[in-house]
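[1] Here's my sequence, what's the structure:
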Amino acid sequence: MFKFLLLFSLFVLPAKSQTSKTEEALSRAGYVNVRELDPTLQVSLMYARADNFVGVVLYDDLRQAYLHPDAAAALVKAQKRLKQLRPELSLKIYDAARPMHIQQKMWNKVKNTPMKPYVSNPANGGGLHNYGLAVDITLCDAKGDSITMGTKIDHLGPEAHIDTESQLVAKGIISKRAQQNRQLLRQVMRYAGFKPLRTEWWHFNFKSRAEAKRHYTVIK
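    Residues are numbered from 1 along each chain as shown. Modelled structure (predicted):
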């Protein structure tokens, strides 16, 4: 009977999910898998796929969203606030902590293109993703499907700017519903201490670059 139960457990019990080398390195360095803090957060890392603005896979073995513990706790706070306001919705993370060697790969792809202004140069210290202090994020429904925001999450252009949304709506470039969804996203993220980026409705920083350089460590 014992042998039968042992064999049954080997074939029936689900295998424990494997943590990749990059994820293990992030964990050892003190960064937090945000879904371990709040499993209701949705994660779909866009640089683990080729359908991003760079057009290639940059994350070979990173599938989970990691953040510095300070930013991770704030993101959980934003999710809880969203659930209070709109229980049927969830935050969906498209990028979080990004090691600097990945930042270099991204920079190498864009440095001689019109996309250059949108990517932080590693030679200048990179950006807040490289400290685990920034997220690219949207809203999704109960099935995990992203709701309308007017553009794709990595659309590089004026349609993604947050300071001209009223004009974009007036001209019919984005819908009123998309503007309201963006406003809701900013509301819950600001509530938790994140600050939006003017040119990318999906990007939020938890600290300034000056604060990051003084008090935090770059992810190599």
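[2] Leaving out sequence neighbours, find the closest residue to the residue most central in space within the chain.
    Computing the C-alpha centroid of the chain and ranking residues by CA atoms, centre = their mean puts Asp95 first, at 2.9 Å. Nearest non-adjacent residue to Asp95, counting by CB to CB, 6 or more residues apart in numbering: Asp136, 4.0 Å away. C-beta here means a position set from N, CA and C on the backbone, and glycine is covered the same way.
[3] I'd say the one you found and Tyr94 touch.
    Yes - taking contacts as CB atoms under 8 Å, Asp136 lies within contact range of Tyr94: 4.5 Å.
[4] Find residues that contact each of the two.
    Met46, Ile153, Asp154, Trp202 (CB atoms under 8 Å, 6 or more residues apart in numbering).
[5] Buried only: go through those residues for me.
    The neighbour count (16 or more other CB atoms under 10 Å) marks Met46, Ile153, Asp154, Trp202 as buried among the shared contacts of Asp136 and Tyr94.
[6] which SS state does the last one fall under?
    Spelled out, it's Trp202. strand (DSSP: H, G, I helix; E, B strand; the rest coil).
[7] From Lys152, how far off is it?
    9 Å (CB to CB, to the nearest Å).
[8] which residues in the chain form helices?
    Taking DSSP state H as the test, the helices found in the chain are 2-12, 21-28, 34-37, 69-85, 100-110, 165-170, 176-191, 209-215.
[9] in the second one, what's buried?
    Spelled out, it's helix 21-28. Thr22, Glu23, Ala25, Leu26.
[10] As a markdown table, those residues with distance to Asn33 and pLDDT would be great.
    Listed next are the buried residues of helix 21-28 as a markdown table, based on distance: CB to CB, whole Å; pLDDT from 0 to 100:
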| residue | distance to Asn33 | pLDDT |
| --- | --- | --- |
| Thr22 | 12 | 91 |
| Glu23 | 7 | 93 |
| Ala25 | 13 | 93 |
| Leu26 | 8 | 96 |
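[11] Sounds good, over and out.
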